[in-house]
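Trainee: this one's structure only:
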C-alpha cells in the first residue's frame, strides 16, 4: 500500500516537473519513509489519547524509537501486519506501564538486565533492512550507546520517588527492545538450523 502511494506521488511530481525521471526512485523511497513516520506518530498519538497517558507515551516512544532505530529486531513481513502489531504492542505496553506498581529497586534490576541483553546482542540484520558488515557494525555501536545512555538516565531518575512512575514507561520500552532482539535472534537461529538440516538431507539424497 505504501509503495503504491509513494509511486503514485512520485509520478505526479514528475508530471508537474517537480522532479526528473532519474530522481523517481529516490523520492519513492523518501515518500515511503515519511508516510511510515507520519503513520507511526498518528498511532502513538491515538494511543496516548485513548489511554490519557501523554507524558508516559512520550517517555515510552522516545526510549523505544531511539533503540529500535538501530537495533533491527523482529519485523512483520507485511506493512499491514506491522501497523496492526505495532498498535497492539504499543497499546499493551503503555497500558501495562500505567498499571504495574513495582518498586524502584525492582525496576532498576529489570532495566539493567534488559540493557545487558541489548548491549550483548547490539543489532540484528534482517531481510527488510539488509545491512552490509559496515552498516551492521555501526548499528550495533549506536544501539549499545543508546541503551547505556537510557539506562544511566533511568537509573538516576529512580533515585527520586516522584519520577519512578514515569521511569516505568521507559523500562517497558527497554524490555520490549530486548524482547524483539531475542525473538529475531531465535528466529535466525531456527532458520540456520533449518538450512543445515536441508543441506544434510540434500547430501544424503545425493
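Mentor: Sure, I can see it. Bear in mind that the values here come from a model prediction, so they are computed numbers and not experimental data.

Trainee: lowest-pLDDT helix or strand in this protein?
Mentor: For the chain, the helix or strand with the lowest mean confidence is helix 24-51, at a mean of 70 (criterion: mean pLDDT, DSSP states H and E).

Trainee: What mean pLDDT does the following helix or strand past that one get?
Mentor: Reading on from helix 24-51 to the C-terminus, the next helix or strand found by DSSP states H and E is helix 54-71. For helix 54-71, mean pLDDT is 84.

Trainee: Backbone dihedrals for the residue nearest to residue 123 when sequence neighbours are not counted, both of them.
Mentor: Counting by Cβ to Cβ, 6 or more residues apart in numbering, residue 123 lies nearest to residue 139, which is 3.9 Å off, once chain neighbours are set aside. Just so you know, the C-beta spots here come from the backbone N, C-alpha and C atoms, and that holds for glycine as well. Main-chain torsions, residue 139, degrees, to the nearest 10: phi -60, psi -40.

Trainee: And the pLDDT at residue 139?
Mentor: 86.

Trainee: now residue 182
Mentor: pLDDT at residue 182 comes out at 87.

Trainee: pretty sure it contacts residue 117?
Mentor: Yes - with contact defined as Cβ atoms under 8 Å, residue 182 counts as touching residue 117 (6.7 Å).

Trainee: Quick check: longest helix in the protein by residues?
Mentor: In the chain, taking DSSP state H as the definition, the longest helix is helix 164-205.
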